[in-house]
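Participant: Got a predicted structure plus its sequence, pasted below:
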Amino acid sequence: MNANQTRKKDNDLHGDKLGRERPGFMLQRMAIVAARVGICNATLRAETEGADGMSFLPAVPVLPGMLEDDVILLALLPIADATEEELQRATALLPAEEQQRAVRFVRQEPRAEFVWTRLLFRTIAGKLLGCRPQEIAVRIAAGGKPECEGLSFSLSHTRGLVGCAISRNVAVGVDLEREDMTLEVLDIARTAFSEANVRELEASPDDESRMRSFLLLWCEREAVAKCVGRGIAEPAALLGLWKTVDFRTQPLSLPTGFQGSLAYQNDFAMRVRQPGLQGLYSVSALLESA
């Protein structure tokens, strides 16, 4: 693979997930089977509050029992206000291979999302595993799912927000999306969702509620796709055959303007823990803790 092909691959994999620039790519990532079952959302108290009212943790904590066998840890990082200098510092904290991947991004936004997502995961995983963030060996399994020894994890990013879900024993998947009234919701749904899903969206009382309902469906499917570890899901999901795979899904409590979903294997009764009010870290705290 030459340099141009490599650059195109990275931009394709980490660009706009809803296909606003590449509509065909959206269809490849859509269909996956899931089930809607609620799970416990345990939270810890945040200690600082930003100017916009969002509460942040002052540092990435090391807490005994932070990741017990029945816990999924969800961490979020708002990045809309991160500076170029902070992005450069974050990039320098990544291992050489990921620094090289970051440089290959042509556009600033996907490069920033890539860097902050990786640093958020590596910082928290390093605390849990007792090593430096750069020392964590991440491998790509069949189907493109990232893996590391001792943890199961999933990463997601959208414009202005990145996140990761981490577990010790069960496969997890997470997806985040920014609300966007310019989305052609029904056009995408008629191409990618089941007829029942389309009818449900058509019955929405207004455009805003339709967009949010669409994003919840999208996030649910993508979270399960990541949990399963397949980038291209089975056509069965297009017909709405959700309950043939044993996974649970949970809508996430996120800052205003975002939608998200978590998926995990239905083999265990799991608790979801978001450190802080909503699992939010600040860029400055992350850089200090890495």
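Facilitator: Done, it's in. Numbering: from 1, shown residues only.
Participant: With adjacent residues omitted, what lies nearest to D207?
Facilitator: M181 (6.8 Å; Cβ to Cβ, 6 or more residues apart in numbering). C-beta here means a position set from N, CA and C on the backbone, and glycine is covered the same way.
Participant: quick one: that neighbour and M211 touch, right?
Facilitator: Yes: counting by Cβ atoms under 8 Å, M181 sits close enough to M211 to count as a contact (6.1 Å).
Participant: Those two: who's more crowded?
Facilitator: M211 (19 against 9; other Cβ atoms under 10 Å).
Participant: And the pLDDT at D12?
Facilitator: As predicted, D12 sits at a pLDDT of 37.
Participant: any weak-confidence spans in the stretch 101-250 of the chain?
Facilitator: 143, 230-245 (pLDDT under 70).
Participant: go with 80
Facilitator: Applying pLDDT under 80 to the stretch 101-250 of the chain picks out residues 142-144, 192, 228-247.
Participant: All the helices of it, in order from the start?
Facilitator: With DSSP state H, counting those that start in this stretch as the definition, the stretch 101-250 of the chain shows helices at residue ranges 108-129, 185-192, 195-202, 207-228.
Participant: Extract the CA atoms of the last one and return them as CSV.
Facilitator: Listed in CSV are the C-alpha atoms of helix 207-228, where the atom choice follows Å, rounded to 0.1, in the frame of the first residue of the first chain:
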residue,chain,number,x,y,z
ASP,A,207,-38.2,16.9,12.5
GLU,A,208,-36.1,17.3,15.7
SER,A,209,-37.6,14.2,17.5
ARG,A,210,-37.3,12.3,14.2
MET,A,211,-33.6,13.1,14.0
ARG,A,212,-33.0,12.0,17.6
SER,A,213,-34.9,8.8,17.2
PHE,A,214,-32.9,8.1,14.1
LEU,A,215,-29.6,8.7,15.9
LEU,A,216,-30.6,6.4,18.7
LEU,A,217,-31.4,3.6,16.2
TRP,A,218,-28.1,4.3,14.5
CYS,A,219,-26.0,4.3,17.7
GLU,A,220,-27.6,1.1,18.9
ARG,A,221,-26.8,-0.7,15.7
GLU,A,222,-23.2,0.6,15.5
ALA,A,223,-22.5,-0.1,19.2
VAL,A,224,-23.5,-3.8,18.7
ALA,A,225,-21.5,-3.9,15.4
LYS,A,226,-18.4,-2.9,17.4
CYS,A,227,-19.3,-5.3,20.2
VAL,A,228,-19.5,-8.2,17.8
